[in-house]
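> could you work out the structure for the sequence below:
(2 chains)
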2 protein chains.
Amino acid sequence: MKATVITIGNELLSGRTLDLNFAFLARALAEAGVRVVRHFTVGDERPAMLAAVRAAETDSELVVLSGGLGPTADDLTREVMAELAGVPLVENRELAERLAARAATLGRPLTHVARRQALLPAGVETLPNPVGEAPGLWIERQGRVVCALPGVPGELQAMTRESLMPRLRTRAGVGVAVQAVTLRTLGISEAVIAQRIEDDAVDLTGVELAYLPQAAGVDLRIVGAGADAARAVARVEAALAERFAAAIYARGEETIEEVVFRLLRERGLKLAVAESCTGGLVGYRVTRVPGSSEVFVGGVVAYADAIKASELGVPAELITAAGAVSAETAVAMAEGAIARLGADVGLAVTGIAGPGGGSEAKPVGLVFIGLAGRGGASVSRRLQLPGDRHQIRERAAALALECLRRFLLGSLQVS
Amino acid sequence: MKATVITIGNELLSGRTLDLNFAFLARALAEAGVRVVRHFTVGDERPAMLAAVRAAETDSELVVLSGGLGPTADDLTREVMAELAGVPLVENRELAERLAARAATLGRPLTHVARRQALLPAGVETLPNPVGEAPGLWIERQGRVVCALPGVPGELQAMTRESLMPRLRTRAGVGVAVQAVTLRTLGISEAVIAQRIEDDAVDLTGVELAYLPQAAGVDLRIVGAGADAARAVARVEAALAERFAAAIYARGEETIEEVVFRLLRERGLKLAVAESCTGGLVGYRVTRVPGSSEVFVGGVVAYADAIKASELGVPAELITAAGAVSAETAVAMAEGAIARLGADVGLAVTGIAGPGGGSEAKPVGLVFIGLAGRGGASVSRRLQLPGDRHQIRERAAALALECLRRFLLGSLQVS
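The predicted structure is shown next:
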């Protein structure tokens, strides 16, 4: 089944609001084996909305609209759906009553504006809204489905999961025989992966292999369709896993911080961090995982060199001799984090994020990761990262977590 | 001038790559007064790309394509542009030589694949690429412009700024008489702003007022067009500035961390942070500003209560009596950050980000901001933030910086 997604709203066309609704819908549809062939964004204007639906219908069996179902005058999706179905808008009594009841619980009357949400195309099917009042709409014409979902992200997501997808799965060609696996990598470039696959003539028959660059790292997504999909995907996964084992940190959706959380918990270890150029980003990422207090005690952001000495016990002479951005300082920071914060494992980052501060010997993008264990093991890694200040810091934090992963697995050697 | 933007790439349709190129182009075009009426995303397929351009031409005088100019077999934009212009692809000698020279500096031969980039539609105008080799393409047909830009973000941005926009500005109707001002707010909701504007019957004649919700806070964008635009925008700006003065932290594009950086530098003050529930996010945000070492010494991520005591000197009895999430602890953390890290101003955050850890007395979303000055002034603020763990942490960090801004301006009172 081919689909076109149409997202509606002037704020999307302004470039000031990222279209996260499209990203959500595209992923949900792809998981059910629906192929999204096109995405339109149009403003809150009836002719543009109608033209988009008509263009979509030329080759898509499914057209999904998101947005324009709210109560205000620029919410035009109900009118467009009525026009497509060739029916008038009429007030849905039951819905009007629910809207009034909801307003009453908030101690307000049902305003004229809010009441507009009860106007629905006559006789058109609705999709229940699990988290709000206004339903989605579903019309079929000439074997094609056009459905309209809310633009409020929480409502869109709940309605997609609980109303739209179950309904789509009953239709032919949806939800069958699509197999997909994602292998997430860090510390290896897309070019190197592609070259190796070409050099080794890895057999990609029967699958599509997509390189999905992330803020740091590359996801490899293997997708197969048809009767033999499972076998083809498994074969390619094995071929990639064999070649890139060290760089693959997860299979599926797990993030690097989730992997590290799991490894620390399995080993009963507590982590402390010491950050310079990342300014707190490593700690922030570790604590994105709910329950991270189980494995994370805290950290020191040692932005000024004086704090590397006073709070982490890095000898001032070491900073003078080796430099604040050096393997020696990175390791001393990691050791200091353990000693001062009472952790089992210390992870440190020091580097030059730019734009200023670089030199010929220590250019912008030079970053050292330091790791230390309570038992005395310590390791450092030197990185030369591309990109601007923001990218260097994002990559440094992600690769610091990746080094920690390898350290915990015992596969990070002294370099 | 009306424009359609077409972004190209299977990775965009997968929903796994956010379309930041569109967001960039939409903003750049809007600033020049070009009205983006539609956005298409299509996959790497010739028929879909051609159909999108043809649909766009029905009402847009400008069609901007992004992507598909790279060297690999799925980069089809050159072929599509040749077909639109009705000309064959021919190798551009000069470009082939530049590509070969660039490969040579990397110590590589020019591969067959890379050489494809030198194939250009015969006789078609090019747009120089300030940061790469492959140029953009520009064709005019029946008074309409179709131009093709790279999909690599850095190249797209540089080419847009340095080649496309200067060229567009020479055309009629571009870059004239559009006036826009953005007022950025934190700590006040969209609903409250809208209600006040309605209650006071603020005259919005001649402008469009857009509410642009950010991860935290709302931007108010006032846009006017036409001869009287400047006056209308200034009138509305004054009306909003008068009503929402306390909540407006910037006029224009400045971020809250940039505002705080500027205020600290003007006052010659050094900042230290102490973070619990944000895990490092406040420090990370402060250090996003290049040169932040001038005003920021560092911080302590005191995720475990023991670290609040050992590294920040928060009395253990205080934590027991008032709780780790309390106004008292927040202030003690801020004072500890000053004392321990040698700063002039301390900013602390402690709260319950969830999903676990909440209680009836201290529910998920409860956050205290603590502020202290070396002179002894200290202030705390209690917040009850909506959203999930991620949103609560984002909002807590943004509002912490906003409290710091008000503290530095002397307008944050003891609460």
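> in terms of secondary structure, what does the lengthiest helix in chain A contact?
Taking DSSP state H as the criterion, chain A has its longest helix at helix A:389-408. On a contact count with 3 or more CB pairs under 8 Å, 6 or more residues apart in numbering or on different chains; DSSP states H and E, helix A:389-408 meets helix A:256-267, helix A:281-286, strand A:345-351, strand A:366-373, strand A:378-384. All C-beta spots, glycine's among them, are computed from the backbone N, C-alpha and C.
> the third one vs helix A:256-267, what angle?
Our comparison of strand A:345-351 with helix A:256-267, counting by axes from the mean of the first three to the mean of the last three CA atoms, to 10 degrees, yields an angle of 150 degrees.
> got the angle between strand A:345-351 and strand A:378-384?
30 degrees.
> pull up the pairing partners for strand A:345-351, direction included.
Pairing partners of strand A:345-351, with direction, according to DSSP bridges: strand A:271-275 (parallel), strand A:366-373 (antiparallel).
> need those in TSV (columns: mean neighbour count and mean pLDDT).
Below are these laid out as TSV (neighbours: other CB atoms under 10 Å in any protein chain shown; pLDDT from 0 to 100):
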stretch	mean neighbour count	mean pLDDT
strand A:271-275	32	98
strand A:366-373	26	97
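> export those strands to a markdown table and tack on distance to A:Leu401?
Converted to a markdown table, these look like this (distance: least, CB to CB, whole Å):
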| stretch | distance to A:Leu401 |
| --- | --- |
| strand A:271-275 | 10 |
| strand A:366-373 | 9 |
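> out of the ones you listed, which comes closest to A:Leu347?
strand A:271-275 (5.0 Å; CB to CB).
> return the set of buried residues in the longest helix of chain A.
A:389, A:392-408 (16 or more other CB atoms under 10 Å in any protein chain shown).
> and stretch A:183-193, by the same measure?
Those would be A:183-188, A:193, for stretch A:183-193 by 16+ other CB under 10 Å.
> could you chop chain A up by domain?
Split into domains by automatic domain parsing, chain A comes to A:2-169, A:178-251, A:256-408.
> quick one, which of the ones you listed is packed in tightest?
When the domains of chain A are scored by mean count of other CB atoms under 10 Å in any protein chain shown, the highest mean neighbour count falls to domain A:256-408 (a mean of 22).
> distance between that one and the chain's centre?
Taking CA atoms, centre = their mean, to the nearest Å, the mean C-alpha location of domain A:256-408 is offset from the chain mean by 24 Å.
> and the stretch 151-300 of chain A, which residues reach chain B?
Proximity of the stretch 151-300 of chain A to chain B, by CB under 8 Å from any CB of the partner chain, involves residues A:210-213, A:219, A:221, A:273, A:275, A:277-284, A:286-288, A:290-293, A:296-300.
> which helix or which strand is home to the spatially closest residue to A:Gly342 that is not a sequence neighbour?
Sequence neighbours aside, A:Val297 is the residue nearest to A:Gly342 in space, at 6.3 Å (criterion: CB to CB, 6 or more residues apart in numbering or on different chains). Assessed by DSSP states H and E, A:Val297 sits inside strand A:296-302.
> got a list of what the nearest residue to A:Tyr211 once chain neighbours are set aside touches?
Spatial nearest neighbour of A:Tyr211, excluding adjacent residues (CB to CB, 6+ apart): A:Glu190 at 4.9 Å. For A:Glu190, the contacting residues are A:211, A:213, A:218, by CB atoms under 8 Å, 6 or more residues apart in numbering or on different chains.
> the last one reaches A:Ile193, doesn't it?
Pointing back at A:Val218 there. Yes - assessed by CB atoms under 8 Å, A:Val218 is found in contact with A:Ile193 at 6.7 Å.
> tell me the residues that contact both of those two, please.
With CB under 8 Å, 6+ apart as the test, A:Val218 and A:Ile193 both reach A:185, A:211.
> quick one, phi/psi of the residue nearest to A:Tyr211?
Reported as degrees, to the nearest 10, the phi and psi values for A:Glu190 are phi -50, psi -40.
> also A:Ile352?
According to degrees, to the nearest 10, A:Ile352 has phi -120, psi 100.
> got a list of what the closest residue to A:Leu62 other than its chain neighbours touches?
Leaving aside its sequence neighbours, A:Leu62 sits nearest to A:Ala3 (CB to CB, 6+ apart; 4.1 Å). By CB under 8 Å, 6+ apart, A:Ala3 lies in contact with A:29, A:34-37, A:60-64.
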